[in-house]
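Asker: Next input, structure requested:
(one chain, ligands or ions: 1)
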Amino acid sequence: MELERQSSAHKMKIRDVQQEHERQVRQLQDEMRSRFEELQKQQQEQIDSITREANRQIDEERAARTKEVSELKSEAEKEMAKLEAMMDGSGEEIRRLRGEVQNLQMDLNNERMTSRSLMEKLQEAASNSVKMEQNAQELRTKIDMLQSDGSSVQQSYSTLEYRYNEAMKEIQTLNQKLRAEETVRRKLHNQIQEMKGNIRVFCRVRPPLGPEECANISLPDKDAEGTQIEILGGEERTPFGNVISKNHPFAFDKVFGPAAQNADIYEEISQLVQSALDGYNVCIFAYGQTGSGKTFTMSSDDGMIPRAVRQIYQTARHLEERDWKYSMEGSFLEVYNENINDLLGNPNDMDKDKHEIRHDPKSMTTTVTGVTTVNLDNPSKVEIILNRAMKNRSVAATKANERSSRSHSVFILRLMGYNTATGERCEGTLNLVDLAGSERLAHSQSTGDRLKETQSINKSLACLGDVIAALGNGKDGNHIPYRNSKLTYLLQYSLGGNSKTLMFVNISPLQAHLAETLTSLKFATKVANTYIGTAKSKKTKAITES
Ligand SMILES: Nc1ncnc2c1ncn2[C@@H]1O[C@H](COP(=O)(O)OP(=O)(O)OP(=O)(O)O)[C@@H](O)[C@H]1O
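Answerer: As a prediction, this is how the structure comes out:
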């Protein structure tokens, strides 16, 4: 029973617990329900809020999209308008493009044609190339052949080089020989000149210039080797009353008639100019009465002075091949009234400046103090010199020819040579002298200045004759009166010794001048008969006067 009771109590307890549990479950269920409902309510509220918010956002979004669509629409409309406008212009563009397409089409056609012709050319070139290849092959074969000949060519070259060197040696030997021969030539030339006579006389008769009566003069033919001239005089009565015809024959180294030109005359004297280049002193005088042609012979444009200077230039150039170098300087003096004037100096100093002659016996050279010396490095300078001299003379006299008749002019050319190979030196002087008129004016006819001039001319010409005569008579050491006149003193080293002298006796063809002509020819004959120096001069005697 207890057990029963306990079981029933236990059962009752279990029921109570069960009931309590059921109540708690119900309570929990209620709580859960109310909680659920509350949560449901909250959730509904949240959903409503979210829905509202979403709707609001949707509305906003819609509004924004609507706005955007309308903007896009208007933009599209604008684009459409633009496109329409472009569509209008594009018609033109299409036409242009079509034209361009046509042009391109044509170009394409042209290019095709060009390409075709290029293809043709290419084919041609290809065939040419084949030919060239063939030629090249032939050339290669030839080169091979030549190369195989190369060694023989090399050999020929060596032979040629050897021959060239031999030829150069020969040239050097020949040059040495040439120089030696030049020295021999100088010696022989000098010997020939000496054999011809260290003093020579040429006679020149000028042509008549007007209708004046000419003297009866027998002249050599122009072509003949003329050496004789004869003045055929008129009839003369002897002291016994007999009438005889007196002729005056003369002989000189050379006689030139009126037709002779300066060129013909120069030919004869060019050898003396050569002697000056070879180192000798040479004097060429023109002697004769006023108007007989002295200046024409010496200083005219084609006279002896310009010709000599030209020859010297030419020969000096030629001698350069034989290693000779020349320098030359010229001065032009005047001896007037026994005073020396510088014809290349200041014209206002004429007849005022005192110039002195100085000799150097060691070098056998003469200098004149204070005179102008011109370096003749150009042949045209001689013209300048001659013109200057002429000008100075015309300043010193009213007429240049008046002055030239009464004074001696001396053109002095100093030639200095140096052989760069042998070291030889030579120095020669060429003096070209135009003497004062030789007419003998009677002292009684002259007075004052004229008398003084006449006296000094007569004195200096007589002195010249004396010096030449003394040289001719002279034995070594014999006195030669050089100092007796300025002219002979100036020319001391160019007169006598080994120097060479040539005198032109210029004569007029006129009857009126016959007496002076005879005087001149007699003076010249004395000179011509003079023997000077070591060599024998060619004997020139006057043909017997009948
Ligand atoms: N061979 C010639 N041929 C042509 N004319 C000449 C010849 N010789 C001289 N004459 C002329 O004769 C004139 C006188 O000559 P030139 O002046 O040379 O004489 P000159 O002897 O020098 O006289 P001067 O003593 O006065 O100086 C000049 O007009 C000149 O041109």
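Asker: Give me the distance between the residue in the stretch 251-400 of the chain that the ligand sits nearest to and residue 513.
Answerer: Going by Cβ to the nearest ligand atom, the ligand is nearest to residue 293 of the stretch 251-400 of the chain, at 2.8 Å. No exception for glycine: its C-beta is placed from N, CA and C like everyone else's. Separation of residue 293 from residue 513 (Cβ to Cβ, to the nearest Å) stands at 12 Å.
Asker: coming back round to it: tell me how many other residues crowd the residue of the stretch 251-400 of the chain closest to the ligand.
Answerer: By other Cβ atoms under 10 Å, the residues close to residue 293 number 22.
Asker: tell me the contacts of it?
Answerer: Residue 293 makes contact with 204, 206, 506, 508, according to Cβ atoms under 8 Å, 6 or more residues apart in numbering.
Asker: Just the pLDDT for it.
Answerer: pLDDT recorded at residue 293 is 95.
Asker: Likewise for residue 540?
Answerer: 31.
Asker: Ramachandran coordinates for residue 165?
Answerer: Backbone torsions for residue 165, taken as degrees, to the nearest 10, come to phi -60, psi -40.
Asker: which among the contacts of residue 293 gets closest to the ligand?
Answerer: Nearest to the ligand among these: residue 206, at 3.5 Å, using Cβ to the nearest ligand atom.
Asker: my guess is the closest one contacts residue 509, does it?
Answerer: Yes - Residue 206 is within contact range of residue 509, at 6.5 Å (criterion: Cβ atoms under 8 Å).
Asker: what does the model give the residue nearest the centre of the chain for pLDDT?
Answerer: For the chain, the residue sitting closest to the mean C-alpha position, by Cα atoms, centre = their mean, is residue 378 at 13.5 Å. On the pLDDT scale, residue 378 is placed at 82.
Asker: name the element it belongs to?
Answerer: For residue 378, there is no host helix or strand (DSSP states H and E).
Asker: mind checking the SS state of the residue lying closest to residue 238 once chain neighbours are set aside?
Answerer: Take residue 238 and drop its neighbours on the chain: the residue closest to it by Cβ to Cβ, 6 or more residues apart in numbering is residue 244, 5.9 Å away. Put simply, residue 244 is strand when judged by DSSP: H, G, I helix; E, B strand; the rest coil.
Asker: quick one: which helix or strand includes residue 351?
Answerer: Here residue 351, judged by DSSP H and E, is contained in no helix and no strand.
Asker: what residues are shared contacts of residue 206 and residue 509?
Answerer: residue 258.
Asker: Among the contacts of residue 293, which one sits closest to residue 344?
Answerer: Lowest distance from residue 344 to these (Cβ to Cβ) belongs to residue 506, with 24.8 Å.
Asker: Give me the three-state assignment for that closest one.
Answerer: Recorded secondary structure, residue 506: strand (three-state DSSP).
Asker: count of residues packed around residue 485?
Answerer: Counted with other Cβ under 10 Å, residue 485 comes out at 22.
Asker: In contact with whichever residue of the stretch 351-500 of the chain sits closest to the ligand, which residues are there?
Answerer: Ranked by Cβ to the nearest ligand atom, the top residue of the stretch 351-500 of the chain for proximity to the ligand is residue 405, at 3.4 Å. Taking Cβ under 8 Å, 6+ apart, we find residue 405 in contact with 290-291, 436-437.
Asker: and with 6 Å instead?
Answerer: When contacts are counted by Cβ atoms under 6 Å, 6 or more residues apart in numbering, residue 405 touches 290, 437.
Asker: Got phi/psi on it?
Answerer: Torsion angles, degrees, to the nearest 10, at residue 405: phi -70, psi -30.
Asker: State the pLDDT value of it.
Answerer: 78.
Asker: just the one 5 residues further on next, same as before
Answerer: Looking at residue 410, its pLDDT stands at 95.
Asker: Okay, and the beta partners of it?
Answerer: The partner list for residue 410 in beta bridges (DSSP bridges) reads residue 333, residue 433.
Asker: is it true that it touches residue 434?
Answerer: No - under the criterion of Cβ atoms under 6 Å, residue 410 is not in contact with residue 434, lying 8.1 Å apart.
Asker: who touches residue 521 in this structure?
Answerer: By Cβ under 6 Å, 6+ apart, the residues touching residue 521 are residue 250.
Asker: ok, so what distance separates it from the ligand?
Answerer: As judged by Cβ to the nearest ligand atom, to the nearest Å, residue 521 and the ligand stand 15 Å apart.
Asker: how about whatever helix or strand that residue lives in: buried residues?
Answerer: When elements are assigned from DSSP H and E, residue 521 belongs to helix 514-528. Using 16 or more other Cβ atoms under 10 Å as the test for burial, helix 514-528 gives 514, 516-521, 523-525, 527-528.
Asker: and residue 421, helix, strand or coil?
Answerer: Going by three-state DSSP: residue 421 is coil.
Asker: How about it, nearest residue that isn't a chain neighbour?
Answerer: Closest to residue 421 by Cβ to Cβ, 6+ apart is residue 323, at 3.9 Å.
Asker: Now that the one you found has come up, it's in contact with residue 418, right?
Answerer: No - counting by Cβ under 6 Å, residue 323 stays clear of residue 418, with 9.0 Å between them.
Asker: Show me how the record splits the chain into domains.
Answerer: 21-153, 198-541 (the TED database).
Asker: ok, and which of the ones you listed has the densest surroundings?
Answerer: Highest mean neighbour count of these: domain 198-541, a mean of 18 (counted as mean count of other Cβ atoms under 10 Å).
Asker: Appreciated, that's everything.
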